[in-house]
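# Here is the input, now give the coordinates:
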Amino acid sequence: MLDTAETPGNDVQDAIVPADVAATVVAPKSYVDDTVIYPALAWLRDNVPLGKASVPGYDRFWLVTRYADVMAISRNAKVFINGDNNLVLNTQAGDAYLRQANGGKLRSMNSLAFMDRPEHAVYRSLTATSFMPGRIRKLEESIREIARASVTEMLAHEGEFDFVRDFAMHYPLRVISSMLGVPQEDEAHTLSLTQRLFGAPPPSPDGAAPTMDAAARHWRDTLEEFHAYFRELSKARRREPRDDLISLIANTKIEGEDIREDYELDYYVAIATAGHDTTTSSTAGGMLGMLKAPAQFAALKADPSLTEGFVDEAIRWSVPIKHFMRTANEDVVVSGQKIHAGDRLFLSYPSANRDADVYADGDAFDIRRSPNQHLSFGNGPHMCLGQHLAKLDMRVLFEELMPRVASIELAGEPEHTETNFIGGLHSLPVRFKAA
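Below is the predicted model of the structure:
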C-alpha cells in the first residue's frame, strides 16, 4: 500500500473527505455514540479510505481509515515521523499556543510516543527489559493478589455498582503504581490528573464557550501538575533508590550524563497514564461487549480457556486510543494518493480495527475471533511498550472475576468520555449476582 518510488501523474487529484464526515471523525462527542462514529468510519473505508480532510479551525490533514494503510504507515517510521509535529490532532489555536509555550516547537511531550529514531531507541531501551514478556510473567502472582483483592472489594457492593468508577479504574492503577513506585496513598491524585489530562477542559465559570486553544492550555496545565508531583518522587528515589521504575529512570545516564529533567518527568507521566487509563477502558469495554452479547459472557464463564481471546477482543473492540498523527518526512505514495513531505496523517484505530477486509463482522464482539491482530497497540517501532502488562492485567482480572459472579447485567445507560484521542467508558452501571 506504500511506495516511495511510485509517482502518480500530475492529473491525479487528491481524494477529498466530505466536510460533514471529516467533522464527525474529529468531533470528540462523536466517540460517545457508536451509532455516530462507526457508520462514518465505515463510509470512509468504502468510499474515501485515504483522503484529505478540511475541518474549520484545524490544519488540513489526511484521514487514514483502512487497516492496511494504518499498518503500513505505522511500520515505516523512517518516512512517517512522530517528533516534528503534535502527535495529537489539535486546533490551529491550540498548536499556536503550544509553539509559544514550547519555544517554537509543537512537540508537546518528551515521551516515547513523541520521539523518532535514533532518540526513540535510546529512551525506549531504558525500560524495555522491564516490560519484556518474561519479566512481566514474573509479576503474575503479585498482580493476581491485587486482582483477587479488587474482586473481593467489588463483591462488597452487594449487587449493584458502577463497573468503571468502583472497579475497573482502580485495579490497573494499583498495578502500574506498584511498578512505577507511586505510593498507594497518592493513587487518587494520579488518577485525577490522568482523567484531567485526557479529558475535556472544564467549563468556563461564566458559561462562555471554550476558546479554540482551551484543550491545549488544559493539557499543558495538567502536565505541569504531573511534573511537580513526580519531581519530588524523583528526588527521593535519587537519595534512596528502590526496586521500581522511578528509581531506574531517575538514576539512569544518557551518554554519560543525567537524563534531562523534562524527558525524565514525561517518561513517568506516560507510564502512569497509559499504564492504567487504556487498560481501564479495555476492561470496561470488554465487559460492555459481553453485556451486549450475553452468549459471550456465558461462553467465557463456561470455558476459562477463552480468557486470552476475550482480552484481545476487548482491546480490539473498545480501542482505547482513537488516533495518533504522523508527519510525512518525504514525498510518498500510499494507496495511489501522493502524500507530500510535511503532510500530516490521522491514523484512525477504531476504523482499522473494524475493517471488513480483515475482520468478518467487525462490529460484533466475539471472544473466539481468530486471528485477531488488532492495531490498538499500534505497530512497528512505536508499538505499545506496555502491551504485555496490559494483557496480563486483564487476563488475571477476569480469571479471578468470572468464577465469583453468577451473572452481570446493565443497570443503567453506559457513558463514554468525549474524546477523539484516549478514552472509553467513564460509567457502566451494572447489577450482579455473586456465584
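
# what residues are up against the closest residue to R137 other than its chain neighbours?
Of all residues not flanking R137 in the chain, L392 sits nearest, at 7.4 Å (Cβ to Cβ, 6 or more residues apart in numbering). Bear in mind the C-beta positions are built from the backbone N, C-alpha and C, glycine included. L392 sits next to 136-137, 139-140, 143 when contact means Cβ atoms under 8 Å, 6 or more residues apart in numbering.

# Of these, which pair is most distant in space?
Greatest spacing in the contacts of L392, by Cβ to Cβ: R137 and I143 (10.1 Å).

# Which of the two has more residues huddled nearby?
A side-by-side neighbour count of R137 and I143, using other Cβ atoms under 10 Å, places I143 first with 23 against 11.

# Does that one lie in a helix or a strand, and which?
According to DSSP states H and E, I143 maps onto helix 140-155.

# Need the contact partners of that helix.
With Cβ under 8 Å, 6+ apart as the criterion, helix 140-155 contacts 161, 166-167, 170-171, 174-175, 178, 392-393, 396-397, 399-401, 404, 434.

# What mean pLDDT does that helix get?
For helix 140-155, mean pLDDT rounds to 97.

# Next: stretch 253-273.
Mean predicted lDDT for stretch 253-273 stands at 94.

# Counting by contacts, list what the helix or strand that the helix holding I143 is followed by packs against.
Following helix 140-155 in sequence order, the next helix or strand is strand 160-162 (DSSP H and E). For strand 160-162, the packing partners by 3 or more Cβ pairs under 8 Å, 6 or more residues apart in numbering; DSSP states H and E come out as strand 429-434.

# Repeat the analysis, applying 6 Å as the threshold.
With contacts taken as 3 or more Cβ pairs under 6 Å, 6 or more residues apart in numbering; DSSP states H and E, strand 160-162 sits against no other helix or strand.

# tell me what the helix or strand just after that strand is packed against?
Later in the chain than strand 160-162, the nearest helix or strand by DSSP H and E is helix 171-180. When contacts are defined as 3+ Cβ pairs under 6 Å, 6+ apart, helix 171-180 packs onto helix 140-155, helix 187-198, helix 245-250.

# can I get these in a markdown table with distance to S282?
Formatted as a markdown table, the helices and strands packed on helix 171-180 follow (distance: least, Cβ to Cβ, whole Å):
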| stretch | distance to S282 |
| --- | --- |
| helix 140-155 | 15 |
| helix 187-198 | 14 |
| helix 245-250 | 21 |
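
# which residues in the stretch 201-350 of the chain form strands?
Remark: strands assigned in the stretch 201-350 of the chain by DSSP state E, counting those that start in this stretch are 253-254, 257-258, 323-328, 332-334, 337-339, 344-348.

# out of the ones you listed, nearest to D69?
strand 332-334 (5.9 Å).

# looking at this structure, which helix or strand is least sure?
Lowest on mean pLDDT, DSSP states H and E among the helices and strands of the chain sits strand 2-3, with a mean of 64.

# Determine how far the helix or strand just after that strand lies from the middle of the whole chain.
Next helix or strand after strand 2-3 toward the C-terminus (DSSP H and E): helix 19-26. Its chain's C-alpha centre lies 21 Å from the corresponding centre of helix 19-26 when counted by Cα atoms, centre = their mean, to the nearest Å.

# so what secondary structure elements neighbour helix 19-26?
By 3+ Cβ pairs under 6 Å, 6+ apart, helix 19-26 packs against helix 34-47.

# cutoff 10 Å now
Counting contacts by 3 or more Cβ pairs under 10 Å, 6 or more residues apart in numbering; DSSP states H and E, helix 19-26 is packed against helix 34-47, strand 50-53, strand 61-64, strand 344-348.

# Mean neighbour count, these: which tops it?
strand 61-64 (a mean of 26; mean count of other Cβ atoms under 10 Å).

# List the neighbouring strands of it plus their orientation.
strand 50-53 (antiparallel), strand 344-348 (parallel) (DSSP bridges).

# State the mean pLDDT of it.
pLDDT averaged over strand 61-64 gives 98.

# list the contacts for L173?
146, 182, 184, 187-188, 190-191, 194, 272, 275-277, 279-280 (Cβ atoms under 10 Å, 6 or more residues apart in numbering).

# Okay, S407 and R431: tell me how far apart.
9 Å (Cβ to Cβ, to the nearest Å).

# Find residues that contact each of these two.
Common neighbours of S407 and R431 (Cβ under 10 Å, 6+ apart) do not exist.

# quick one on the thing from earlier: nearest to Y67, out of the strands of the stretch 201-350 of the chain?
strand 344-348 (10.1 Å).
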